[in-house]
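Enquirer: pasting the structure only:
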């Protein structure tokens, strides 16, 4: 085995992350006015169910065709047909713990084992009091068949836990995804 | 065990092995804010697939010309000791990570953040925001000019003080490589009582968060030089690895 350099460890973002990390265009995975775009929003909540007002949510996803503009995708880097598609979203939480991004639904993805991953977003959670980011995934509520076949969801058999990874539809449009850092409603977080 | 995972259609993905015992546990009572913010359930397993081995490659459009010089962002010069912080961003295989976005934020020379929730009695510096951004060059190198931040007290316990530090946020090239950390300064007398610094379990890993003074980086009659190299998780580079490389975090 070749020699490996030792990695730099993680530290908390602390309470002053707002000096640097929120961007004016952070929530816009796609530009405003993009056909099919919707708001995906939710609350970040602590073990007492109280809002976390000093958190940061980041998202990463494929484009609607299931492609990434990235050289490590073995299918080749593919610029999205959606103008201005960034794939990445970033939103600080507000006083009520709310975060939001404007995005489009990602496509399904092929998987090395031959299965197909349902449309999903990868999520990183940062906050004061978190020494290392938490990672979760957001799936879509109207993709039952695809979700049933998804290899990651298949690994989570408890229906309560599985339901924490699926967004809910909001009356009036858009999707909601709350993140419970701890407690009876605790979200599934991943080690990867 | 093979380091790559292939599928019938030939989909071959890099794999970023987990590193056991590197990062701090989120359940860390000495840092009080962790109490209601750490999960109680064991994490689920997330295989590394396309979403995990890709990531945002955020480029030049995000940077202003003076973003890497925190001493020139206002009409006047900030108070304090001018410093240069220079280093490289590498992966575990020693490969430089080029054109990757680095974001930093920090307190001023007196240990005060320009932030609405920081109100301890040390003055704001009207000439210092404490925000920097840059991209690494083709060899993974970066450089900031800034002011040496001061230590500051916080409400974590009796007479608790944070050692002087600069927050660093890095993307690397894959979702698996994303890292937020803090850079510390050599020989800080406050390390012994800081639960955030000491949350990293391994002493050698804690030492990797401490920058080194480097006289060759110091500019005569101008600024003191510190070097801080950052190593992100790396993709395995050889086709076959022993099974123990596939450890748990």
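Expert: Sure, I can see it. Not measured: the values here are computed from a predicted model.

Enquirer: can you pull the pLDDT of residue 78?
Expert: Let's take chain A. Looking at residue A:78, its pLDDT is 96.

Enquirer: wait, chain B
Expert: In this prediction, residue B:78 carries a pLDDT score of 98.

Enquirer: Quick one: the strands in chain A, in order.
Expert: A:38-45, A:55-60, A:88-92, A:98-103, A:109-110, A:116-117, A:120-127, A:134-139, A:168-169, A:175-176, A:179-180, A:190-191 (DSSP state E).

Enquirer: Using CSV, please lay out those strands together with distance to chain B, mean neighbour count and mean pLDDT.
Expert: Any C-beta I mention is one placed from the backbone N, CA and C, and that applies to glycine too. Formatted as CSV, those follow (distance: least, CB to the nearest CB, whole Å; neighbours: other CB atoms under 10 Å in any protein chain shown; pLDDT from 0 to 100):
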stretch, distance to chain B, mean neighbour count, mean pLDDT
strand A:38-45, 9, 22, 98
strand A:55-60, 5, 25, 98
strand A:88-92, 4, 23, 98
strand A:98-103, 13, 23, 98
strand A:109-110, 5, 20, 97
strand A:116-117, 6, 20, 97
strand A:120-127, 5, 24, 98
strand A:134-139, 7, 22, 98
strand A:168-169, 20, 12, 98
strand A:175-176, 18, 18, 98
strand A:179-180, 9, 21, 98
strand A:190-191, 4, 16, 96
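
Enquirer: Please identify which of those is closest to residue B:87.
Expert: Nearest to residue B:87 among the strands of chain A is strand A:120-127; the distance by CB to CB comes to 21.9 Å.

Enquirer: The host helix or strand of residue B:142 near chain A anywhere?
Expert: Assigned by DSSP states H and E, residue B:142 belongs to strand B:141-147. No: using CB under 8 Å from any CB of the partner chain, we find that strand B:141-147 stays clear of chain A, coming within 12.2 Å at best.

Enquirer: and for that strand, what are the contacting residues?
Expert: Residues outside strand B:141-147 that contact it (CB atoms under 8 Å, 6 or more residues apart in numbering or on different chains) are B:68-72, B:78-89, B:96, B:102, B:104, B:106, B:108-109, B:128, B:132, B:134-136, B:166, B:223.

Enquirer: Repeat that for stretch A:106-116.
Expert: So stretch A:106-116 is contacted by A:61-67, A:75, A:117-121, A:146, A:149-151, B:5-9, B:11-13, B:49-51 (CB under 8 Å, 6+ apart).

Enquirer: Whichever of the residues you listed end up buried, select them in ChimeraX.
Expert: This is how ChimeraX selects the buried members of the contacts of stretch A:106-116, with burial counted by 16 or more other CB atoms under 10 Å in any protein chain shown:
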select /A:61,62,63,64,66,67,117,118,119,120,121,146,150,151 /B:5,11,13,49,50,51
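
Enquirer: what sits against residue 98?
Expert: No chain specified, so I'll use chain A. A:41, A:42, A:43, A:51.

Enquirer: wrong one, I was asking about chain B
Expert: B:136, B:137, B:138, B:139, B:140.

Enquirer: Nice, that's everything, thank you.
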